[in-house]
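quick one: sequence and predicted model below, then my questions.
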Amino acid sequence: QVQVVESGGGLVQPGGSLRLSCTAAGLTFNYHGIGWFRQAPGLAREGIGFIDKSTGGTSYANAYMKNRFSISRDHAKSPVYLDMHNVEPEDTAVYYCAVRTSWNHLDPVDMSDYAYWGQGTQVTVSS
């Protein structure tokens, strides 16, 4: 049974930083890596970026996300981290991580390539 869990969310002041963690258990099959996504109130879920399980290489949805967020891990079996820098109120959202099980799209955060999702962790940016 696959379990994906995000942690580290909370209240952070504008301009601050926050680190989210993603752990995935029960991955007894071949998969490509972990992606991070977010969903702000009233908006569609959007992709942030992806880290490759084998190489540790990262890809981001776009330049904006690449400048604002960093995805990393300590080693192949460690949690995957999402570091948020200089946060703004617009970063308020539920943040999700997911397991990429297929590679049908060039877009590293095409959600149809992700089969297992966590429940999300709330990040609120407010003074």
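Cool, the structure landed.

need phi/psi at the closest residue to Ala76 other than its chain neighbours.
Leaving out its chain neighbours, the residue that sits closest to Ala76 by C-beta to C-beta, 6 or more residues apart in numbering is Lys53, at 6.8 Å. Where you see a C-beta, it was placed from the backbone N, CA and C, and this is true even at glycine. Main-chain dihedrals, Lys53, degrees, to the nearest 10: phi -60, psi -40.

residue contacts, Lys53?
31-34, 76 (C-beta atoms under 8 Å, 6 or more residues apart in numbering).

how near is the spatially most central residue of the chain to Asp107?
Geometric centre of the chain, nearest residue: Trp36, 1.8 Å, by C-alpha atoms, centre = their mean. Trp36 sits 14 Å away from Asp107, going by C-beta to C-beta, to the nearest Å.

joint contacts of those two?
Here Trp36 and Asp107 have Gly47 as joint contacts, going by C-beta under 8 Å, 6+ apart.

related to what we said a few turns ago, okay, the contacts of Lys53 in CSV with secondary structure and pLDDT next?
Listed next are the contacts of Lys53 as CSV, based on DSSP: H, G, I helix; E, B strand; the rest coil; pLDDT from 0 to 100:
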residue, secondary structure, pLDDT
Tyr31, coil, 91
His32, coil, 92
Gly33, strand, 95
Ile34, strand, 97
Ala76, coil, 84
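
please, where are all the strands along the protein?
Under the criterion DSSP state E, the chain contains strands at 3-7, 10-12, 18-25, 33-39, 46-52, 58-60, 69-73, 80-84, 93-100, 114-117, 121-125.

one step back: isn't the residue nearest to the centre of the chain up against Leu82?
Yes: between Trp36 and Leu82 a contact is recorded at 4.8 Å, counting by C-beta atoms under 8 Å.

any common contacting residues for the two?
Taking C-beta under 8 Å, 6+ apart as the criterion, Trp36 and Leu82 both touch 20, 22, 48, 69, 71, 95, 97.
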